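Student: Fold the following and give me the result.
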Amino acid sequence: MRTAYIIAAVVVVVLIIAVVLLNPKKPAATVITPNTQPEQPTAPTAPTGRMLTIPVVVTKQYFSPNNFTVRRGDTVTLRVSAPDLQHSVSIPQMNLHDTISQQQTVDLTFTVKASDVQVYCTDKCDPGVVLNIHVQ
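Tutor: Residues are numbered from 1 along each chain as shown. From the prediction side, this is the model:
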């Protein structure tokens, strides 16, 4: 008799499991009340870069500093001064060119893209006078 109860209990458990596993579940309905709308997904926004002002001195022999590192997206203002004589500077990647008179200062502003930037002295400097701006 006891065996019959155990067999009956196993059959009931198997039937319950079969019903649960074979019964497809319906997705829950989304309830929207008249005064609300479903939330719309938003695209992530790119972080805005920093605003940097870097004082730079150009002489016949060098830029000071002659290299530094910024982040992609930063807006950089190079505040370039020429204490010794008039210099022409160029940033070809940004299509920026300017002449700095002796004892004067000029601001060159640009937003950094994905690649490193070189600033050249194109007038009255020794060959190889370059300011390297590295991008992270």
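
Student: N132: neighbour count?
Tutor: 14 (other Cβ atoms under 10 Å). Placement of C-beta: from N, CA and C, glycine included.

Student: Identify the bridge partners of it.
Tutor: When bridges are called by DSSP bridges, N132 pairs up with N67, Q118.

Student: What residues does it make contact with?
Tutor: 66-67, 116-118 (Cβ atoms under 8 Å, 6 or more residues apart in numbering).

Student: One more pass at 7 Å, please.
Tutor: Shown in contact with N132 (Cβ atoms under 7 Å, 6 or more residues apart in numbering): 66-67, 116, 118.

Student: and if you look at S64?
Tutor: With Cβ under 7 Å, 6+ apart, S64 has these contacts: 56-57.

Student: Show the model's pLDDT score for it.
Tutor: On the pLDDT scale, S64 is placed at 96.

Student: One more: A28?
Tutor: pLDDT, A28: 48.

Student: what about the helices in this protein?
Tutor: 2-22 (DSSP state H).

Student: tell me the two of the contacts of N132 that are most distant?
Tutor: Among the contacts of N132, the pair separated by the greatest distance (Cβ to Cβ) is N66 and D116, at 13.3 Å.

Student: and the nearest residue to V70 once chain neighbours are set aside, how many neighbours does it have?
Tutor: Excluding the flanking residues, the one nearest V70 by Cβ to Cβ, 6 or more residues apart in numbering is V112, at 5.3 Å. Using other Cβ under 10 Å, V112 has 23 other residues around it.
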